[in-house]
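Asks: Sequence and predicted structure are below.
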There are 2 protein chains.
Amino acid sequence: MSDKKYIVGVDLGGTSIKVGVVPYDGGRVLGVRSMPTNSDHGAKFVVDRMVEMIRGSMRDAAREENIPDDGFIGIGLGSPGPLDRKTGTVIETPNLGWRNFPLRDLIANSIGLAAELDNDANCATIGEWWMGAGKGVQTLIGVTLGTGIGGGIVLDGRVYHGAADVAGEVGHMTIDSTGRKCKCGNYGCLEAYASGPAIAARAIEGLETGEPSLLPSLVDGDLSQITAETVYEAIVAGDLYAKEVMRETAKFLGAGLANLINILNPGMVVISGGVTKAGEHLFEPLRAQIRRRAFRHAEESCKIVSSTLDGMAGVIGAAYMFRVERFGNG
Amino acid sequence: MSDKKYIVGVDLGGTSIKVGVVPYDGGRVLGVRSMPTNSDHGAKFVVDRMVEMIRGSMRDAAREENIPDDGFIGIGLGSPGPLDRKTGTVIETPNLGWRNFPLRDLIANSIGLAAELDNDANCATIGEWWMGAGKGVQTLIGVTLGTGIGGGIVLDGRVYHGAADVAGEVGHMTIDSTGRKCKCGNYGCLEAYASGPAIAARAIEGLETGEPSLLPSLVDGDLSQITAETVYEAIVAGDLYAKEVMRETAKFLGAGLANLINILNPGMVVISGGVTKAGEHLFEPLRAQIRRRAFRHAEESCKIVSSTLDGMAGVIGAAYMFRVERFGNG
């Protein structure tokens, strides 16, 4: 492949859609744009918005780097799953309300370019491997802490998909089989402790038992307004209770990551999502917990780091995923 | 490779050593022998015993199938780990008391054949993939329930080793972070619930609170003599309490296996070890628990089965491991 080729990367999430044009051999992402998904407007609205964003992104990139029409070779799409990668179909996404939705072909036909579809967390993880924190690492696990907890596994520069394309579901790992109820119906899932909403819920529970904290003052006394972000703000303001909530988060997350590390012995775990803003308030107790819970040889060979792609891992990884699907790992 | 070649497989465990001669292309294992490890007699004793068993096994096989000296092409060694596969060294095994022990070269030099070393659980899992329950499965997880709980991961016919050769440590997966203390020092490891000794311990705890059961009568009233085997005997005799203990075991094991299934989306999990004697008393509630805890798509694509190699998976897999290391997956 010549170095004048470009791939469009699309990161479709429950909250926002991000699009950018990625050079085939890597480098700066061009024509980046981000818009709310507004999935409540229906699937057609979302697809039309994606198509419009892709066109706009290609136009900007073409202008900026003088890319001819045939400089764009395809589109990589990252979407919440489960998916059928072979048919390019989204099997179901609770967040978007889609079922058996032929996303790949709808986009490919509208734009007139080949497209490939993969899971959003898989794309983010291969993105980190290609151009982010995971460069040069052979075995990489990506964990995204957001409304839910997503995961991707990259082995030797390829996404590991498993038998039915659903590998990497780390959010519903049981870490406390008799513990907190998760919205999936089970008890003690990692997501019930360390997702954004779970962190907020745990913080509120403590406040309701009378823990002294700045937190109520940050939401004008309306505890229901507290989010993981508010907890982070309180930490920055020196609030000891908020720090304790983050330390607890690290304890639960550490148990989950130690499980992944014991099972897969990866060279790196990359953590992304809003919660990583807490920085060392999260990472220091997290690493300590992993040291305590994981096997020494597995723990010593695994770096625990924050994403370095600033929210663009999904776009970059979707583009790379297209490249690997069509042209291999060369 | 011609079909007249043979590989010696050795399965070194904390309790026993098993050896057999395996045809390069698979088939009946020849010259099988099994002896206690007696690791308390020291490393030299164990290595001498292994060498003697290997020689005896080769002699029997040669006689049975008229194998010439050059029909034996090498030795595959499965050992408890962690190991350094490259140097063929056992880094440490609490069960054998060895540290930085150059097992591979000691055996290779004594016998005068090339040898390869890998983890015992890895060998057992690739053995199941090659000639056992996992034939034709792409992604296979093997879980051994014994004194401890071991695991191996096979992807596309190759053992997955991870960044430092310690992947597959499923026994110390946290399933109940505030739960039972494990002998590793942490709380809530799978092994603290579902290993043989843990099953016995849980059974005894219930008896001490006055649960009516046949179990005490099976050990002449000395509860300390109860093992997982005794629990199985009581089940066969129709004891309701023992059945309940096994159902509880299935619940904990199910949480652990559901984690593996959500993370790796394997096509099969093969379970081996004494506890599998409980048959459907274990497997029926186990599958129910996995159905409850794992993602539907991951659960539906995964068979949960018992080993079919009758304790020989480690020997067979060690031989196949040698073959893959030296000749690839052809």
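Replies: Everything's here; your move.
Asks: Helix, strand or coil: sort out the residue nearest the centre of chain A for me.
Replies: Centroid-nearest residue in chain A, with CA atoms, centre = their mean: residue A:144, separated by 4.1 Å. Classification of residue A:144 using DSSP: H, G, I helix; E, B strand; the rest coil returns strand.
Asks: mind checking pLDDT for it?
Replies: pLDDT recorded at residue A:144 is 93.
Asks: Equivalent analysis for residue A:189, please.
Replies: 94.
Asks: quick revisit: give me the neighbour count for the nearest residue to the residue nearest to the centre of chain A once chain neighbours are set aside.
Replies: The shortest distance from residue A:144 to any residue other than its chain neighbours is 4.3 Å, reached at residue A:150 (CB to CB, 6 or more residues apart in numbering or on different chains). (Glycine included, C-beta is placed from N, CA and C.) For residue A:150, the neighbour count with other CB atoms under 10 Å in any protein chain shown is 27.
Asks: circling back: look up how far residue A:275 lies from the residue nearest to the centre of chain A.
Replies: 10 Å (CB to CB, to the nearest Å).
Asks: before we move on, what about residue A:73?
Replies: 36 Å.
Asks: Those two: which is more packed in?
Replies: Set residue A:73 next to residue A:275 and count neighbours by other CB under 10 Å: residue A:275 wins out with 24 against 17.
Asks: so who does that one touch?
Replies: By CB atoms under 8 Å, 6 or more residues apart in numbering or on different chains, the residues touching residue A:275 are A:145, A:194, A:196, A:199, A:228, A:232, A:249, A:282.
Asks: Could you do residue A:125 as well?
Replies: A:134, A:140-142, A:151-154, A:159, A:168, A:270, A:313, A:317.
Asks: May I see these arranged in JSON lines, with neighbour count and distance to residue B:4 as well?
Replies: Converted to JSON lines, the contacts of residue A:125 look like this (neighbours: other CB atoms under 10 Å in any protein chain shown; distance: CB to CB, whole Å):
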{"residue": "A:134", "neighbour count": "30", "distance to residue B:4": "47"}
{"residue": "A:140", "neighbour count": "29", "distance to residue B:4": "44"}
{"residue": "A:141", "neighbour count": "29", "distance to residue B:4": "44"}
{"residue": "A:142", "neighbour count": "33", "distance to residue B:4": "48"}
{"residue": "A:151", "neighbour count": "25", "distance to residue B:4": "47"}
{"residue": "A:152", "neighbour count": "31", "distance to residue B:4": "46"}
{"residue": "A:153", "neighbour count": "26", "distance to residue B:4": "41"}
{"residue": "A:154", "neighbour count": "27", "distance to residue B:4": "42"}
{"residue": "A:159", "neighbour count": "27", "distance to residue B:4": "42"}
{"residue": "A:168", "neighbour count": "28", "distance to residue B:4": "44"}
{"residue": "A:270", "neighbour count": "30", "distance to residue B:4": "50"}
{"residue": "A:313", "neighbour count": "33", "distance to residue B:4": "53"}
{"residue": "A:317", "neighbour count": "34", "distance to residue B:4": "50"}
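Asks: give me the subset of these touching chain B.
Replies: When contact is defined as CB under 8 Å from any CB of the partner chain, the contacts of residue A:125 meet chain B at A:151, A:153, A:168.
Asks: Mind listing the strands the strand or helix carrying the second one pairs with, and their directions?
Replies: Taking DSSP states H and E as the definition, residue A:153 sits inside strand A:149-155. In its sheet, strand A:149-155 lies beside strand A:139-145 (antiparallel), strand A:158-159 (antiparallel), with partners assigned from DSSP bridges.
Asks: Not counting the last one itself, show me its contacts.
Replies: If you take CB under 8 Å, 6+ apart as the criterion, strand A:158-159 is touched by A:118, A:122, A:125-126, A:152-153, A:321, A:324, A:329.
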